[in-house]
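Chemist: how would this look folded up:
(chains A and B)
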There are 2 protein chains.
Amino acid sequence: MSDPQTTSVPGRIMAAEMAEQPAVLQRILDEGAPKIREIASQIAARNPRFVLLTARGTSDNAALYAKYLIEVLLGKPAGLTSMSTTTAYGAKPDLTDVLVITVSQSGGSPDLVASTKAAREAGAITLAVTNNADSPLAEVSEFHIDVLAGPEKALPATKTYTAELLALYLLIEGLRGSDGAAAKVLPELAAQILARQSEVKALAERYRFAQRLVITSRGYGYPTAREAALKLMETTYIPASPFSGADLLHGPLAMVDNVSPVIAIVPDGKGGEALQPVLDRLRGRGADLVVVGQRDQVEAASAGFALPAGVPEEVQPILEILPLQLLAYEVTIARGQDPDAPRALAKVTETH
Amino acid sequence: MSDPQTTSVPGRIMAAEMAEQPAVLQRILDEGAPKIREIASQIAARNPRFVLLTARGTSDNAALYAKYLIEVLLGKPAGLTSMSTTTAYGAKPDLTDVLVITVSQSGGSPDLVASTKAAREAGAITLAVTNNADSPLAEVSEFHIDVLAGPEKALPATKTYTAELLALYLLIEGLRGSDGAAAKVLPELAAQILARQSEVKALAERYRFAQRLVITSRGYGYPTAREAALKLMETTYIPASPFSGADLLHGPLAMVDNVSPVIAIVPDGKGGEALQPVLDRLRGRGADLVVVGQRDQVEAASAGFALPAGVPEEVQPILEILPLQLLAYEVTIARGQDPDAPRALAKVTETH
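Modeler: Predicted structure coming up:
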């Protein structure tokens, strides 16, 4: 009588959802992009001066990616919302000329809905980016983008994360009147990466008995470091601390030694260049350093996963996270746990 | 021939600097406040629409505190800068009508200086908050507030953190034409808390062999959770993961069980109220829960440290961090390490 979707092979649902990602990315490019461009054009006509991003958990990491795109590609100042200032303290900032983007897989978390409603009342242009067009969040927002990922049933979010990243990339390209052509290669490259699961399974052996992890990157790769840490924590329960490479040098480097392995996401571009001094310091301390990045960076590390060359840096995060999702899955399986059902979690989190 | 300041009793310098905090807070109120009010009045006359905060490490936690004050007390939207967008990617956002506040103990980190210089060129009103009036950062900024903490020699920042918090509080009160009278009680209350080191020493026994820590809070207490985690990581090397209570429910709660102790900072006010459902969930999971907060909250937990009653919530962070600084110190001593000299760290961090 039990639900076959939740009682069969451990991790079956998460594995299936990870595998859908190339198709989801293709669907966004084919079916979602025209609507996203239309919304971007309407918002651009209102000429927002400042962008605030509101999200929690995995979607907060997607929002952080969007913050980099907004600052670098759009040249507008941006910030992440501290939601409790509105929901607990009743702050009423003047949000005229402010674009508030709320990112949520379910569109159902009450604090996100309340915060977005308050932002709209305070004069903001509000845009919801969700995987549920019928959600309360979509309802209270002036604009809504559906990330078209299909129902997500595993508790660790995977396909909705990459879908949110791509939708946000197309949105921000649209805001500057560009078509986001750099994204066209992503479905095919994502499929190639996901086909290399056996490489990740070998890497996972390394962390089977790990007590802790440090995950670092810089620039566009930093949201990937945060999302990888969250994914590993919620599936494997290993404490994984994400740091921007610069912040790592301001204190937490003391924590890194030969029993605290480091995973570095090394973007192919300026973020990766800015990370090099941090990688040098880590190698100098004898850290066990696993790199997700270009082949030469992997070869200079203890081990790693090589990413395809020639992809523009601003869309690399949509690929970088894939081997790290697989890693969270494989380490969890190796530790005898079920990635589909982390203890203590509910899919729609009722925070207020 | 060696320097007696660095070779005598472990932790002597950090202990001395923590003990100076009541005097530093009094100095800011007596000598610093008039200058801060004058700068606040000049900035208020320019009527900034948005505030961006730029900082790293401990100062980034002070900046996050300021972000809450700006949103709640000033009603202006605010964000934390992603510095690499400027220093690595050359982003040139239009910062007209934007106040950029850069917070740095040393005022010497090259990326902070470069980012602030770029912000000023992009039209921002720039304000440096540092402990070094002769620093390059003070030099490139239009306005400068000296936090008057005196030289800080221990690698873990303590007195400069509370000094930054108080200076930022007085600044933001000044921006809305208020005198920040709520701060007057802080020096005396800080002295009372610091006199209770033996209580903290007893709590420290609990973490002597800890492999990991989760630290949580909400609202005004969240910057304290982040700073406590950073302080514990850089001195004890225990991985300490800070989460807002709401984010903890979105995934990382899976990590918490009877081997992953939790420290909760429970503000006396709306932040503490918003945290109650999280505390209930943690108690329901049988978590070892240590509370820093009001006596009734401590009594409902496994153990804790009671804070003085009747302090306005917006200045509580200046007191909340004190027992947690002492805790980092005592756990480090208990583990046979030297809090003054964490491995691998330099006082002025040269990130670019």
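Chemist: just for the stretch 251-352 of chain A, where's the confidence low?
Modeler: For the stretch 251-352 of chain A, applying pLDDT under 70 flags the ranges A:251, A:257-259, A:343-352.
Chemist: Would you map the strands across it?
Modeler: Using DSSP state E, counting those that start in this stretch, the strands of the stretch 251-352 of chain A run over A:262-266, A:289-293, A:303-306.
Chemist: so how far is stretch A:312-319 off the chain centroid?
Modeler: 11 Å (C-alpha atoms, centre = their mean, to the nearest Å).
Chemist: Can I get it in PDB? Just the C-alpha atoms.
Modeler: Coordinates of each C-alpha in stretch A:312-319 appear next as PDB, following Å, rounded to 0.1, in the frame of the first residue of the first chain:
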ATOM      1  CA  PRO A 312      31.100  32.100 -21.100                       C
ATOM      2  CA  GLU A 313      31.700  32.600 -17.400                       C
ATOM      3  CA  GLU A 314      28.300  34.100 -16.600                       C
ATOM      4  CA  VAL A 315      26.500  30.800 -17.600                       C
ATOM      5  CA  GLN A 316      29.100  28.400 -16.100                       C
ATOM      6  CA  PRO A 317      27.200  28.200 -12.800                       C
ATOM      7  CA  ILE A 318      24.400  26.300 -14.600                       C
ATOM      8  CA  LEU A 319      26.900  23.600 -15.400                       C
END
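Chemist: Contact partners for residue A:53?
Modeler: Residues counted as contacts of residue A:53 (C-beta atoms under 8 Å, 6 or more residues apart in numbering or on different chains) are A:63, A:64, A:66, A:67, A:78, A:79, A:80, A:81, A:100, A:101, A:102, A:103. Heads up, the C-betas are built off the backbone N, CA and C, glycines and all.
Chemist: how about those residues, which pair is most distant?
Modeler: Spatial extent of these (C-beta to C-beta) is set by the pair A:64 and A:100 at 15.4 Å.
Chemist: Compare these two and say which one has the larger neighbour count.
Modeler: More crowded of residue A:64 and residue A:100, by other C-beta atoms under 10 Å in any protein chain shown: residue A:100, with 27 against 21.
Chemist: Chain neighbours aside, what residue packs nearest to the residue in chain A positioned nearest to chain B?
Modeler: For chain A and chain B, the shortest gap (C-beta to the nearest C-beta) falls at residue A:79, measuring 1.8 Å. Spatially, and ignoring its direct neighbours in sequence, residue A:79 is nearest to residue B:79 (1.8 Å; C-beta to C-beta, 6 or more residues apart in numbering or on different chains).
Chemist: Need phi/psi at that neighbour.
Modeler: Backbone torsions for residue B:79, taken as degrees, to the nearest 10, come to phi -150, psi 160.
Chemist: correct me, but it touches residue A:82?
Modeler: No - contact status for residue B:79 versus residue A:82: not in contact, 9.6 Å apart, counting by C-beta atoms under 8 Å.
Chemist: tell me, what's touching the two both at once?
Modeler: In contact with both residue B:79 and residue A:82: residue B:67, using C-beta under 8 Å, 6+ apart.
Chemist: between those two, who's got more neighbours?
Modeler: Higher neighbour count among residue B:79 and residue A:82: residue A:82, with 28 against 24, using other C-beta under 10 Å.
Chemist: Now residue A:146, what are its backbone angles?
Modeler: Dihedral angles (degrees, to the nearest 10) for residue A:146: phi -90, psi 130.
Chemist: What lies in contact with the helix or strand harbouring residue A:198?
Modeler: Using DSSP states H and E, the element containing residue A:198 is helix A:197-204. For helix A:197-204, contacts defined as C-beta under 8 Å, 6+ apart pick out A:290, A:303, A:304, A:305, A:323, A:326, A:327, A:330, A:331, A:333, A:334.
Chemist: burial measure for the last one, as a count.
Modeler: If I follow you right, that is residue A:334. For residue A:334, using other C-beta under 10 Å, the count is 16.
Chemist: Apart from its neighbours in sequence, what residue is nearest it?
Modeler: Residue A:334 sits nearest to residue A:208 (C-beta to C-beta, 6+ apart), 4.6 Å away.
Chemist: now do the second one
Modeler: Once its chain neighbours are removed from consideration, residue A:303 has its nearest residue in residue A:290; the separation is 5.1 Å (C-beta to C-beta, 6+ apart).
Chemist: Please give me every residue in contact with the one you found.
Modeler: Contacts of residue A:290 (C-beta under 8 Å, 6+ apart): A:203, A:206, A:261, A:262, A:263, A:264, A:301, A:302, A:303, A:304, A:305.
Chemist: before we move on, what about residue A:326?
Modeler: Contacts of residue A:326 (C-beta under 8 Å, 6+ apart): A:18, A:194, A:197, A:200.
Chemist: ditto for residue A:334
Modeler: A:204, A:205, A:207, A:208 are the contacts of residue A:334 under C-beta under 8 Å, 6+ apart.
Chemist: what's the answer for residue A:300, then?
Modeler: Contacts of residue A:300 by C-beta under 8 Å, 6+ apart are A:279, A:283, A:291.
Chemist: swap in residue A:230?
Modeler: Residue A:230 neighbours (C-beta under 8 Å, 6+ apart): A:57, A:58, A:61, A:240, A:242, B:251, B:252.
Chemist: ok, now residue A:119?
Modeler: A:52, A:54, A:86, A:95, A:98, A:100, A:126.
Chemist: Quick check: buried residues in the strand or helix carrying residue A:233?
Modeler: Residue A:233 is part of helix A:222-236, with elements assigned from DSSP H and E. Residues of helix A:222-236 classed as buried under the neighbour-count rule (16 or more other C-beta atoms under 10 Å in any protein chain shown) are A:222-236.
Chemist: Chain B contacts on the stretch 1-150 of chain A?
Modeler: A:49-50, A:52, A:56-58, A:60, A:64, A:67-68, A:71-72, A:75-80, A:82-89, A:91-95, A:97-98, A:111 (C-beta under 8 Å from any C-beta of the partner chain).
Chemist: Out of those residues, name the ones that lie in strands.
Modeler: Using DSSP state E, the subset of the residues of the stretch 1-150 of chain A next to chain B located in strands is A:50, A:52, A:78, A:79, A:80, A:98.
Chemist: which residues are in contact with stretch A:13-31?
Modeler: So stretch A:13-31 is contacted by A:5-6, A:147-150, A:152-154, A:156, A:158-159, A:162-163, A:166-167, A:170, A:183-184, A:186-188, A:190-191, A:194, A:235, A:318, A:322, A:325-326, A:329, A:339-340 (C-beta under 8 Å, 6+ apart).
Chemist: swap the cut-off to 7 Å and go again
Modeler: A:5, A:147-150, A:152-154, A:156, A:158-159, A:162-163, A:166-167, A:183-184, A:186-187, A:190-191, A:194, A:322, A:325-326, A:329, A:339-340 (C-beta atoms under 7 Å, 6 or more residues apart in numbering or on different chains).
Chemist: so residue A:130 touches residue A:107, yeah?
Modeler: Yes - in this structure, residue A:130 is within contact of residue A:107 by C-beta atoms under 7 Å, at 3.7 Å.
Chemist: Find the residues that touch each one of these two.
Modeler: By C-beta under 7 Å, 6+ apart, residue A:130 and residue A:107 have these common neighbours: A:137, A:138.
Chemist: Could you write me a PyMOL select line covering just the buried ones among the residues of the stretch 1-150 of chain A next to chain B?
Modeler: To isolate the buried members of these in PyMOL, using 16+ other C-beta under 10 Å:
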select buried, chain A and resi 49+50+52+56+57+58+60+64+67+68+71+72+76+77+78+79+80+82+83+84+85+86+87+88+89+91+93+95+98+111
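Chemist: helix or strand right after the helix-or-strand element of chain A with minimal mean pLDDT?
Modeler: Taking mean pLDDT, DSSP states H and E as the measure, helix A:4-7 is the helix or strand of chain A with the lowest mean score, a mean of 48. Following helix A:4-7 in sequence order, the next helix or strand is helix A:12-19 (DSSP H and E).
Chemist: Relative to the whole chain's centre, how far out is that following helix?
Modeler: 17 Å.
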